[in-house]
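# Structural data only, the sequence is not supplied:
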DNA sequence: TAGACGTGGTA
DNA sequence: TTACCAAGTCT
């Protein structure tokens, strides 16, 4: 029963220090004391030139000198204000690894219920390793970035095969595992084994960018930021330090309205000293997201079953199920698109009937409109031309298959329609 | 090295 | 409503 947390003695004593975080509402209004931004155009890369002289804490020597005070202030603050998070109550490398993967580009609040359910479903590495991928993806359904789930599954098998079922303590071995990069490796090794390995997640980037008033977007200064993170890390308490600096970024040194008056690093922060905390870190402007129009078919057979297909492993939503369809070509009606795509991808003939629903959805790098039509199967056995698998399923069975978020609205619409008769 | 890769929250 | 952001990794 690996579900329950096995607490070490060190853990028990440490837990008492983590009080629930209380954010004061005073901080927000206090910030308005700071005058208007002095840095025109600082939010864009082109304004970099106006930041001359901002990098006060530039040299490694300066940081080296300030490091002991910074560490002490941060760890004291963490002891009083650190968040009480379930994975921090564990020293089980497996549980910590799961949390680190789930937390990639995902907020704590979103992860919490998934984390609890996951450990109940897959209590140990061995349980995860021997599970079916479909079960793994179903547990991940809704969290996004599904390569994380596929990599988690594969890595569990590698840990069983190559590491005796125990997450490796060696950095090079850890980073060689699928889905584990430099930051995640550092997060796991420091949290699980208290090893002095630096991290550089979104929180740390923002905190450090402000601490030194980094005159460029973090993406353009990764080497420098990694160097800073390594230099500032407390070699005596790497576990608490890494957790503490992330908490600082997540609760005080936030993107908007940072709570500088409560910050343990206020006295050392170059951005605060120059009143640039609202302008930093710098960001690069992006091009607007492309928008795709998609034709989607909900195909019924004579028995009222519905045709679904499993997407290929690689790429967007890999391994998940979906309703077949494809991109609408220029000068093509949605109905023509649906009929054409189904013939091309599944080699069957269908009749396109009425529109079921229209779903708008935004992915990280493009937007889609799903134009969903009810269809009737006319002839042909579905072939797996553009997918890994096809299946006729009943409405009761459909809930056991992992679907992307945007498909959830389609399933709801099908159910609503069936109930109406 | 920059783009692919999800979803929910927020201003 | 739109745009940006949040405990990144892979190619």
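That came through fine. Everything numeric in this text was worked out from a predicted model, so none of it was measured.

# Now do the contacts for residue A:208.
A:214, A:225, A:228-229, A:232 (Cβ atoms under 8 Å, 6 or more residues apart in numbering). Glycine gets a C-beta too; all of them are placed from N, C-alpha and C.

# Is the helix or strand hosting it positioned near DNA strand B?
Under the criterion of DSSP states H and E, residue A:208 resides in helix A:202-211. No - if you take Cβ under 7 Å from any atom of the strand as the test, helix A:202-211 misses DNA strand B, and the best it gets is 10.5 Å.

# Low-confidence stretches in the stretch 1-150 of chain A?
A:1-60 (pLDDT under 70).

# quick one: residue A:368 from residue A:385, how far?
22 Å (Cβ to Cβ, to the nearest Å).

# between these two, who's got more neighbours?
A count of neighbours by other Cβ atoms under 10 Å puts residue A:368 above the other of residue A:368 and residue A:385, at 18 against 12.

# Return the closest of the contacts of residue A:208 with respect to DNA strand B.
Proximity of the contacts of residue A:208 to DNA strand B (Cβ to the nearest atom of the strand) peaks at residue A:225, which lies at 12.8 Å.

# Looks like the closest one contacts residue A:200 (just checking).
Yes - under the criterion of Cβ atoms under 8 Å, residue A:225 makes contact with residue A:200 at 5.7 Å.

# can you give me the strands for chain A?
Ranges of strands in chain A, per DSSP state E, are A:291-300, A:306-310, A:321-322, A:325-327, A:349-362, A:367-379, A:389-393.

# tell me the contacts of the closest residue to DNA strand B within chain A?
Nearest to DNA strand B, among the residues of chain A, is residue A:144, at 2.6 Å (Cβ to the nearest atom of the strand). By Cβ under 8 Å, 6+ apart, the contact set of residue A:144 is A:106, A:405.

# May I have the phi/psi pair for it?
Note on residue A:144: backbone dihedrals following degrees, to the nearest 10 are phi 80, psi 180.

# hmm, back to that, I'd like the strands of chain A laid out as CSV, including distance to residue A:406 and mean pLDDT.
Converted to CSV, those look like this (distance: least, Cβ to Cβ, whole Å; pLDDT from 0 to 100):
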stretch, distance to residue A:406, mean pLDDT
strand A:291-300, 10, 97
strand A:306-310, 14, 98
strand A:321-322, 9, 98
strand A:325-327, 11, 97
strand A:349-362, 4, 97
strand A:367-379, 6, 97
strand A:389-393, 18, 98
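
# Save those strands as JSON lines, and put in distance to DNA strand C too.
Listed next are the strands of chain A as JSON lines, based on distance: least, Cβ to the nearest atom of the strand, whole Å:
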{"stretch": "strand A:291-300", "distance to DNA strand C": "9"}
{"stretch": "strand A:306-310", "distance to DNA strand C": "20"}
{"stretch": "strand A:321-322", "distance to DNA strand C": "21"}
{"stretch": "strand A:325-327", "distance to DNA strand C": "20"}
{"stretch": "strand A:349-362", "distance to DNA strand C": "6"}
{"stretch": "strand A:367-379", "distance to DNA strand C": "8"}
{"stretch": "strand A:389-393", "distance to DNA strand C": "22"}
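
# what does chain A have sitting close to DNA strand B?
Near DNA strand B, when you scan chain A using Cβ under 7 Å from any atom of the strand, you find A:105-107, A:109-110, A:142-147, A:219, A:256-257, A:315-318, A:361-365, A:404-406.

# filter these to the buried ones?
A:143-147, A:317-318, A:404, A:406 (16 or more other Cβ atoms under 10 Å).

# Next, give phi and psi for residue A:286.
Dihedral angles (degrees, to the nearest 10) for residue A:286: phi -110, psi 160.

# Give me the distance between it and DNA strand C.
5 Å (Cβ to the nearest atom of the strand, to the nearest Å).

# What pLDDT does the model give that residue?
Residue A:286 carries a pLDDT value of 83.

# Does DNA strand C have contacts with stretch A:179-191?
Yes - against DNA strand C, stretch A:179-191 shows contacts by Cβ under 7 Å from any atom of the strand at A:179-185, A:187.

# Name the residue closest to the centre of chain A, please.
Centroid check for chain A by Cα atoms, centre = their mean gives residue A:105 as the closest residue, at 2.7 Å.

# now the helices for the stretch 101-250 of chain A?
Shown for the stretch 101-250 of chain A, the helices assigned by DSSP state H, counting those that start in this stretch span residues A:108-121, A:125-129, A:133-140, A:147-162, A:171-175, A:182-193, A:202-211, A:222-232, A:238-247.

# and the angle from the longest one to helix A:133-140?
Taking axes from the mean of the first three to the mean of the last three Cα atoms, to 10 degrees, helix A:147-162 and helix A:133-140 form an angle of 130 degrees between their directions.

# Spell out which residues of the stretch 1-150 of chain A are next to DNA strand C.
Counting by Cβ under 7 Å from any atom of the strand, the stretch 1-150 of chain A sits next to DNA strand C at A:83, A:85, A:87-88, A:99-100, A:103-108, A:145, A:147.
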